[in-house]
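Enquirer: this one's sequence-less:
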């Protein structure tokens, strides 16, 4: 199954939730902001989304400082 | 119309200034990003700001935030209001000396079409974007502005129609990466310019 992550094609095997995908891809999930098909998804909602073919993810990390 | 606004009309058309003056902007956090972004916005003619910050001015703020030594221990929202009014005394400011939470954020910025994310803590940055991303407001956030390395790495990233994120996306404050004036001001100025461009060009 093909999705797009930060503008790059990515291949998924099997059915995965957004939460499972991000946990596998990233060591540290603190400060992560996810835009899923154009919509920002709160961290506590990640487990409710099952990734589908052609989904578009933008994954960014907030770091401290201001 | 005061001397500041008359002077600004040297550079802007009256209809452009009118557009700028009609927009209400929320400033979430009045530290390095928020205070400097607000200065840029006010110098560009914006006059309606809602500023929220629970903190007071400390000596360690003076290296990069738009405050002065005589303002130490004053609430940041009040000190910033005084400094902004020294630039343009025709401002409509709403000041909230409170901690921003998931519960109060919607009310605090209810009247704002645009909100500047100007926090220092990661959790607060995340809170603002998560809570306001479906609000229809333009959100302008920042991430990655510590230290003194390459300032051209501080870029404007656009996500969706109404979310801009400015910074190098990686340089957190930490050992060897202090918050210093140039990179903080570059990020804050870029936040202000995204808003100026949005109001004068994109929002039409």
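Expert: Sure thing, it's come through. A quick note: this is a predicted structure, and the numbers were derived from the prediction, not measured.

Enquirer: The nearest residue to residue B:8 once chain neighbours are set aside: what's it in contact with?
Expert: In space, and not counting its chain neighbours, residue B:8 is closest to residue B:45: 5.2 Å by C-beta to C-beta, 6 or more residues apart in numbering or on different chains. For every residue, glycine as well, the C-beta is placed using N, CA and C. Going by C-beta atoms under 8 Å, 6 or more residues apart in numbering or on different chains, residue B:45 touches B:5, B:8, B:12, B:17, B:20, B:21.

Enquirer: Flag the helix or strand of chain B with the lowest per-element mean pLDDT.
Expert: In chain B, the helix or strand scored least confidently by mean pLDDT, DSSP states H and E is strand B:155-159, which has a mean of 92.

Enquirer: Tell me the strands beside it, with direction?
Expert: Take DSSP bridges as the rule and strand B:155-159 pairs in its sheet with strand B:163-167 (antiparallel).

Enquirer: Return the residues of chain A in contact with chain B.
Expert: Within chain A, the residues that sit near chain B (C-beta under 8 Å from any C-beta of the partner chain) are A:30-33, A:35, A:38-40, A:42-43, A:58, A:60-66.

Enquirer: Could you tell me which of those count as buried?
Expert: A:31-33, A:35, A:40, A:42-43, A:58, A:60-66 (16 or more other C-beta atoms under 10 Å in any protein chain shown).

Enquirer: so where do the strands sit in chain A?
Expert: A:2-5, A:8-11, A:32-36, A:39-41, A:56-61 (DSSP state E).

Enquirer: With chain B instead?
Expert: B:24-28, B:48-52, B:92-96, B:114-117, B:138-142, B:155-159, B:163-167.

Enquirer: who does the fourth one touch, helix- and strand-wise?
Expert: In terms of contacts (3 or more C-beta pairs under 8 Å, 6 or more residues apart in numbering or on different chains; DSSP states H and E), strand B:114-117 is packed against strand B:24-28, helix B:32-43, helix B:122-132, strand B:138-142, helix B:181-197.

Enquirer: ok, the fourth one near chain A or not?
Expert: It refers to strand B:138-142. Yes. Using C-beta under 8 Å from any C-beta, strand B:138-142 comes into contact with chain A via B:141, B:142.

Enquirer: do the first one as well
Expert: No. With C-beta under 8 Å from any C-beta as the measure, strand B:24-28 is seen stopping short of chain A, the closest distance being 9.9 Å.

Enquirer: What strands flank that strand, and is each parallel or antiparallel?
Expert: In the sheet, strand B:24-28 lines up with strand B:48-52 (parallel), strand B:114-117 (parallel) (DSSP bridges).

Enquirer: Equivalent analysis for the fourth one, please.
Expert: For strand B:138-142, sheet partners with direction are given as strand B:114-117 (parallel), strand B:163-167 (parallel), following DSSP bridges.

Enquirer: what's the longest one in contact with?
Expert: When you say that, I think you mean strand B:163-167. If you take C-beta under 8 Å, 6+ apart as the criterion, strand B:163-167 is touched by A:35, A:40, A:60, A:63, B:129, B:133, B:138-145, B:154-159, B:187, B:190-191, B:194.

Enquirer: circling back to that earlier point, what angle separates the least confident helix or strand of chain B from helix B:122-132?
Expert: Counting by axes from the mean of the first three to the mean of the last three C-alpha atoms, to 10 degrees, strand B:155-159 lies at 40 degrees to helix B:122-132.
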